[in-house]
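J.: Please find the sequence and the predicted model below.
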Amino acid sequence: MSKMNYRPKERFILAWRWLPLEIVILITSILIGWGINQWLFKPVYQARVDLQITRHLKRQATSRQRQKQRRQDIDNVAQFAVMPHKRAVLVTAGSYAYTHDGIWQSVQDLSESVQAVALKQRPVLRLTPSSTSRAVAQANAAAFNVATKQELRTTLTHYQVKTISTKVTRTDNVMWMTVWKIVLIIGGSLAILSPYLVGYVRRGERDEDQTAY
């Protein structure tokens, strides 16, 4: 079978000749990507709860003492990021969600649904339960709010723990961008290579016919 050696002009002519096929392949790839995205699409709701954790100071504390204590409070918050994953907190949160909202979840599911981070330059611990259901995300936020504050107040003495803000946000499944890239790369490659593949197959058939004779 002869080799395919194309000069630039021949490549352009071949690509132009099979342009309809290339367009069909590219459009088909786009439709496949759209279908996969629709199938994978799931909205994710994140219910944010901010807990401020500060040490009580005496009324006669000086401004310098308050500033120093605030820096210490900010430094201390990071160690509380594990609180929502403690079994005692998870059990309390699960019981609260079931009692108040009728939502039962295992301890493992609750633990995987929540994240906790310390905010920069603030003595604030941010809890963020996530779910594909807005109602479940809100219920978990309320449950972790109560359970975490209860555990912190039991563990810490001379500290004040209070909720300073709550918010629910919706984010879309971010996998769609990856799917589009894969589909377009594969579809684009097939569209570019299709004229050469067709030419390769046809040339092979001609060579076989000539050999037969």
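T.: Arrived safely, thanks for sending.
J.: how about the strands of the chain, start to end?
T.: 43-55, 114-118, 124-131, 159-172 (DSSP state E).
J.: same for the longest one, what does it pack against?
T.: If you count contacts as 3 or more C-beta pairs under 8 Å, 6 or more residues apart in numbering; DSSP states H and E, strand 159-172 packs onto strand 43-55, helix 134-155. Yep, even glycine has a C-beta here, placed from its N, CA and C like the rest.
J.: taking the mean pLDDT, what do you get for that strand?
T.: Regarding strand 159-172, the rounded mean pLDDT is 90.
J.: and the direction of it versus that of helix 134-155, what angle?
T.: Strand 159-172 runs at 160 degrees relative to helix 134-155, counting by axes from the mean of the first three to the mean of the last three C-alpha atoms, to 10 degrees.
J.: how far is strand 159-172 from where the chain is centred?
T.: Remark: strand 159-172 is offset 19 Å from the chain centroid, using C-alpha atoms, centre = their mean, to the nearest Å.
J.: cool, the shortest one as well?
T.: Using C-alpha atoms, centre = their mean, the distance from the centre of strand 114-118 to the centre of the chain it belongs to is 15 Å.
J.: what does stretch 165-173 give?
T.: With C-alpha atoms, centre = their mean, you get 12 Å for stretch 165-173.
J.: what comes into contact with it?
T.: Identification of contacts with stretch 165-173 by C-beta atoms under 8 Å, 6 or more residues apart in numbering yields 40-50, 134, 137-138, 141, 145.
J.: With mean pLDDT, mean neighbour count and distance to Leu190 as added columns, please give the helices and strands packed on strand 159-172 in a markdown table.
T.: Listed next are the helices and strands packed on strand 159-172 as a markdown table, based on pLDDT from 0 to 100; neighbours: other C-beta atoms under 10 Å; distance: least, C-beta to C-beta, whole Å:
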| stretch | mean pLDDT | mean neighbour count | distance to Leu190 |
| --- | --- | --- | --- |
| strand 43-55 | 92 | 19 | 32 |
| helix 134-155 | 94 | 20 | 40 |
